[in-house]
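Asks: any chance you could fold what I've pasted below:
(2 chains)
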Amino acid sequence: MELKFSNNTLSLVNKIIKRYPEGKQKSALLPVLHLAQSEFDGWLSPEVMDYVASLLTIKPIEVYEVATFYSMFNLKPVGKNLLEVCRTGPCWLRGAEDMVAHIERKLNIKAGETSADGNFTLKTVECLGSCGSAPMLQCGANYYENLTEEKIDQLIEKLRDKGVRSSYLKSVEINS
Amino acid sequence: MRKLLLEHISEPGIETFDVYRKKGGYASVEKSLKTMTPDQVTEQVKASGLRGRGGAGFPAGMKWSFLDRKSDKPRYLVCNADESEPGTFKDRYLMEKIPHLLIEGMITSSYALGAKTSYIYIRGEYMYIVRILEKAIEEAYAAGFLGKNILGTEYSLDLYVHPGAGAYICGEETALLESLEGKRGNPRLKPPFPAIAGLYASPTVVNNVETIAAVVPIINLSGDEYAKIGLGKSTGTKLISASGHINKSGVYEIELGLPVEEFIYSDQYCGGVWKGRKLKAVVAGGSSVPILPAELILKTAKGEPRLMTYESLSDGGFISGTMLGSGGFIVMDETTSIVKNLYTFARFYHHESCGQCSPCREGTGWMEKILHRLHHGHGRKEDIDILVDVAKKIEGNTICPLGDAAAWPVASAIRHFRSEFEECVNNSMKVKELVH
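Replies: Next up, the predicted model:
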């Protein structure tokens, strides 16, 4: 089947492109890659990147070099839920390592891996600006803060089988 | 303590246009567009003494005055909402709780600069705030504060939110502009500065969220009145993000000049060190600024009380002082391993180096690697000197300040806590771990 955004997303893409001066449609690359990642299973395959290049009339290499630079873009498949635990200084001071270890035990995976049922991928990330409510993790667009082992247990049960993706689509729909 | 930005933060519904407007919101837009010329607005910002709140502390009015107003190209105002400096979360708080303050600041500032299109570049991880800002912008358009002929004047402005995608380096203004053009976030060689050739090679001003928000009270009060708040050249109020081992973490708006001791121990602010423990060290302005031990953060080397101002925090230079930076105030109690904390920072900078300049690309990796082995009890005798040497060789030798930002924490931690590093070398495997 040919890779294609839904009509709704396509009209959003066109509206986003209009936010930038004529001929500067490449500026829409990061927003459109966010849309692509949330629409196509949470990661950017080479096919998806080529498709985005064609939409913005830029060369595929211009998409690859950008997609590989920014840490939010996943270049490999991820679980239905991507759990991103902050590990930088302020979160470490408040016990982030214990939270990572707890998730690793609970899901029987190491950071960087996906659980056998495909429900969860665990990733450690750098500062997400939640230092005052540390430790924290992000899943989709949501911040889960002041974490404890109990809170993580509840969250994992809540998210299991659901799948939470970034909500950029919802964000831009408001002004469409 | 006077509040200029967060005065109405607890008002229910302040995130909506209606409540914000009822509380006096958008008055600065009315005042500037209807009664002032763009240059008069800039003059007020100059008179206010406002300094960039993102970390560098450069006078905002002066930055505005550099903008090439003779160019026939369009001018842009870009808001830097890429807040990524570890320990800093004030812009997130402001945008989430009172988004219209930023929108109002953007309109007033865009008017002053003659920008017809402006962007808010926000870090991609703050995606839920993108939604909040998009809604606020929609409300502002509906109320006639954005779009064509704002408030019936000749002035028109379009404002858009642009999400990044996870890169600390995009907080550097030229990397941010590259990113906004749809490229990798590699900082540009300067000159030319953005004021001459910024976004799409057009004259551009890039300002931090808090800086732009502060333009609102400056116009409402007048620059001279704003300058009376604060202390000396540190005018106005500052948002401080307080984190780490304190009883009450969060974002506090302080009048510049507050004693550091009061900020840490007063119940109005941090409420003291948690668990009844003693203060060991503070990183006062985000992870990039030099760490100071308790005695030097509370008092300067001359024995004077340390104040929350640009000048007092930097008193003593890098020998015994630090910087106000972004206001990311990270507190460490007596159980903290300075080596381990530094390791997390070094790992951060290595991860975030864009890779363009070799001293930073290679040096941050070496520092992370050496700190990793020190912290894991495999330290070698020469490691401490190598760390100091590498930090020195990065500093000042890169296109952008990320290299300095990576070097300063290393140099200062060793300067003030050398014995802890030596302990890691001498007593391998006997490294202090944080007790939770």
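Asks: could you use CA atoms for every contact and neighbour count after this?
Replies: OK.
Asks: would you confirm that residue B:238 belongs to a strand?
Replies: Yes: counting by DSSP: H, G, I helix; E, B strand; the rest coil, residue B:238 is found in a strand.
Asks: surely it and residue B:257 touch.
Replies: No: applying Cα atoms under 8 Å as the test, residue B:238 and residue B:257 come out as separate, 10.0 Å apart.
Asks: of the two, give the one with the bigger neighbour count.
Replies: residue B:238 (28 against 22; other Cα atoms under 10 Å in any protein chain shown).
Asks: let me see the ranges of the strands in chain A.
Replies: Secondary structure of chain A (DSSP state E): strands at A:81-86, A:120-125, A:137-139, A:142-144.
Asks: what comes into contact with the helix or strand hosting residue B:412?
Replies: Secondary structure assignment for residue B:412, by DSSP states H and E: helix B:402-426. Outside helix B:402-426, the residues that touch it by Cα atoms under 8 Å, 6 or more residues apart in numbering or on different chains are B:169, B:287-293, B:318, B:338-339, B:342, B:345-346, B:349, B:353, B:359-360, B:364, B:374-375, B:377-381, B:384, B:387-388, B:391-392, B:394-397, B:430-431.
Asks: ok, of the residues you listed, which come out buried?
Replies: Buried members of the contacts of helix B:402-426, counted by 16 or more other Cα atoms under 10 Å in any protein chain shown: B:169, B:287-293, B:318, B:338-339, B:342, B:345-346, B:349, B:353, B:359-360, B:364, B:374-375, B:377-379, B:384, B:387-388, B:391-392, B:394-395, B:431.
Asks: among these, which lie within strands?
Replies: Per DSSP E, these map to strands at B:291, B:292, B:293.
Asks: pipe those residues into CSV and attach distance to chain A and pLDDT per row.
Replies: Converted to CSV, those look like this (distance: Cα to the nearest Cα, whole Å; pLDDT from 0 to 100):
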residue, distance to chain A, pLDDT
B:291, 12, 98
B:292, 15, 98
B:293, 16, 98
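Asks: just put those residues in CSV and tack on distance to residue B:44.
Replies: CSV is the format used below for those (distance: Cα to Cα, whole Å):
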residue, distance to residue B:44
B:291, 35
B:292, 36
B:293, 39
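Asks: domain ranges for chain B?
Replies: The record's domain parsing of chain B by automatic domain parsing lists B:17-223, B:231-333, B:338-426.
Asks: could I get these as CSV with distance to residue A:118?
Replies: Converted to CSV, the domains of chain B look like this (distance: least, Cα to Cα, whole Å):
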stretch, distance to residue A:118
domain B:17-223, 23
domain B:231-333, 35
domain B:338-426, 27
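Asks: which residues of chain A score low on pLDDT?
Replies: A:1, A:165-176 (pLDDT under 70).
Asks: returning to what we had before: and the average pLDDT for the helix holding residue B:412 is what?
Replies: Across helix B:402-426, pLDDT averages out at 95.
Asks: which bits of the stretch 201-350 of chain B sit near chain A?
Replies: Those residues of the stretch 201-350 of chain B that sit near chain A, judged by Cα under 8 Å from any Cα of the partner chain, are B:241-245, B:249-251, B:330, B:332, B:336, B:341-342, B:344-345, B:348.
Asks: which of the residues you listed sits closest to residue B:122?
Replies: Of all these, the one sitting nearest residue B:122 is residue B:241; the distance, using Cα to Cα, is 18.0 Å.
Asks: find me the pLDDT at that closest one, would you?
Replies: Taking residue B:241 on its own, its pLDDT is 98.
Asks: run a quick neighbour tally on it.
Replies: 28.
Asks: what lies in contact with the host helix or strand of it?
Replies: In this assignment (DSSP H and E), residue B:241 forms part of strand B:237-244. The contact list for strand B:237-244, computed with Cα under 8 Å, 6+ apart, reads A:90-91, A:93-94, A:131-133, B:3-4, B:53, B:87-90, B:210, B:229-230, B:248-256, B:270, B:326-332.
Asks: now list the buried members of those.
Replies: For the contacts of strand B:237-244, buried by 16+ other Cα under 10 Å: A:90-91, A:93-94, A:131-133, B:3-4, B:53, B:87-90, B:210, B:229-230, B:248-256, B:270, B:326-332.
Asks: domain assignment for chain A?
Replies: Using automatic domain parsing, chain A is parsed into the domains A:7-67, A:81-159.
Asks: what sits against the residue lying closest to residue A:82 once chain neighbours are set aside?
Replies: Spatially, and ignoring its direct neighbours in sequence, residue A:82 is nearest to residue A:121 (4.8 Å; Cα to Cα, 6 or more residues apart in numbering or on different chains). For residue A:121, the contact set (Cα under 8 Å, 6+ apart) comprises A:78, A:79, A:80, A:81, A:82, A:83, A:111, A:112, A:113, A:114, A:115.
Asks: mind running it again at 7 Å?
Replies: A:78, A:79, A:81, A:82, A:83, A:112, A:113, A:114, A:115 (Cα atoms under 7 Å, 6 or more residues apart in numbering or on different chains).
Asks: related to what we said a few turns ago, for residue B:36, find the nearest of the domains of chain A.
Replies: Of all the domains of chain A, domain A:7-67 sits nearest to residue B:36, with 28.6 Å by Cα to Cα.
Asks: on that earlier part again, right, and the domains of chain B - which one's nearest residue A:23?
Replies: Each of the domains of chain B has some distance to residue A:23 by Cα to Cα; the shortest is domain B:17-223, at 10.5 Å.
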